[in-house]
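Participant: task: produce atomic coordinates for the following.
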Amino acid sequence: MEKVFDWNRILINDLPYFFLLEVVLRTAVMFAFLLVALRFTGQRGVKQLSIFEIVIIIAMGSAAGDPMFYEDVGLLPAICVFFVVIGSYRLVTYLTGKSKWVEQLLEGKSELLVEDGVFSVLKFQKQDIAQDEFFSELRLKSIEHLGQVKYAFLEPSGNISVFYFADDKVRPGLPLIPSRYHRKSKTIPHEGLFSCANCGYTQRHSSGHAVCPTCHKDEWVEAVDSIRIT
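Facilitator: Sure, this is the predicted structure:
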């Protein structure tokens, strides 16, 4: 029965200490090979990586990690894995350039989430992004309300691209500032322009209760019409 807190077993197990020198060599070789392999995958940033490219990096990381410190895992099988992974990446990259269907299957496609200051609710609900997160992304672009936004796209990279109304075309819209947005209510307190808290549809209301004709929700926020300050 093995002794608990056997420091020799914890630190090095049954290997000789000079195996650490081999670990240094293995790590240096696989690290250098990993850098070279990643160089062939392109120069896009982490947020720009597609799901397929993330899988490629994970696969290469796994292939590189085991030979670094497992004595029974040789370097050549790991390097062979690298060649197969990079070859597969090059093949898929070629196919995505030739076939729109393959490109959309692996990379995804841009989705129009906001058009003329209003959410495309059905498309928005299909995306893996919460409304609060989306509002946060827009606020980082100095957007105060949806009436400043002509189009907003969720790109395959996960970035949000925005096209703005010119200052003289800005319309009243749903406020994105939390202190104003959270004043939403099912009861419209007075006559004026109010935006649907769910989709951003904006229209003039008298006081009372109303249902949004676009998304059929019944929470409203007083609209804002300020121009965008950059």
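Participant: which one's the longest helix in the chain?
Facilitator: Using DSSP state H, we find that the single longest helix of the chain is helix 75-98.
Participant: quick check: mean pLDDT of that one?
Facilitator: Confidence for helix 75-98, expressed as mean pLDDT, is 80.
Participant: helix or strand next in line after it, which one?
Facilitator: Next in sequence after helix 75-98, counting helices and strands by DSSP states H and E, comes helix 100-107.
Participant: and the angle for that following helix with helix 75-98?
Facilitator: Using axes from the mean of the first three to the mean of the last three Cα atoms, to 10 degrees, the inter-axis angle of helix 100-107 relative to helix 75-98 is 130 degrees.
Participant: give me the sheet partners of the next helix or strand after helix 100-107 and which way each runs.
Facilitator: Counting by DSSP H and E, the next helix or strand C-terminal to helix 100-107 is strand 111-115. Using DSSP bridges, strand 111-115 pairs in its sheet with strand 118-119 (antiparallel), strand 149-154 (antiparallel).
Participant: how far out from the middle of the chain is strand 111-115?
Facilitator: Centroid displacement of strand 111-115 relative to its chain, using Cα atoms, centre = their mean, to the nearest Å, is 16 Å.
Participant: what are the buried residues along that strand?
Facilitator: 111, 113-114 (16 or more other Cβ atoms under 10 Å). C-beta: built from backbone N, CA, C; applies to glycine.
Participant: and the contacts of that strand?
Facilitator: 119-120, 123-124, 126-127, 134, 146, 149-154, 160, 200 (Cβ atoms under 8 Å, 6 or more residues apart in numbering).
Participant: nearest residue to Ala59 in space, please, no chain neighbours.
Facilitator: Val85 (5.2 Å; Cβ to Cβ, 6 or more residues apart in numbering).
Participant: quick revisit: and the strands paired with strand 111-115: which comes nearest Phe33?
Facilitator: strand 149-154 (35.7 Å; Cβ to Cβ).
Participant: could you export that closest one as PDB, CA atoms only?
Facilitator: Extracted C-alpha coordinates of strand 149-154, given in PDB (Å, rounded to 0.1, in the frame of the first residue of the first chain):
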ATOM      1  CA  VAL A 149     -28.600  52.400 -35.100                       C
ATOM      2  CA  LYS A 150     -29.500  51.800 -38.700                       C
ATOM      3  CA  TYR A 151     -28.100  48.200 -38.800                       C
ATOM      4  CA  ALA A 152     -26.300  46.000 -36.300                       C
ATOM      5  CA  PHE A 153     -24.900  42.600 -37.400                       C
ATOM      6  CA  LEU A 154     -23.600  39.700 -35.200                       C
END
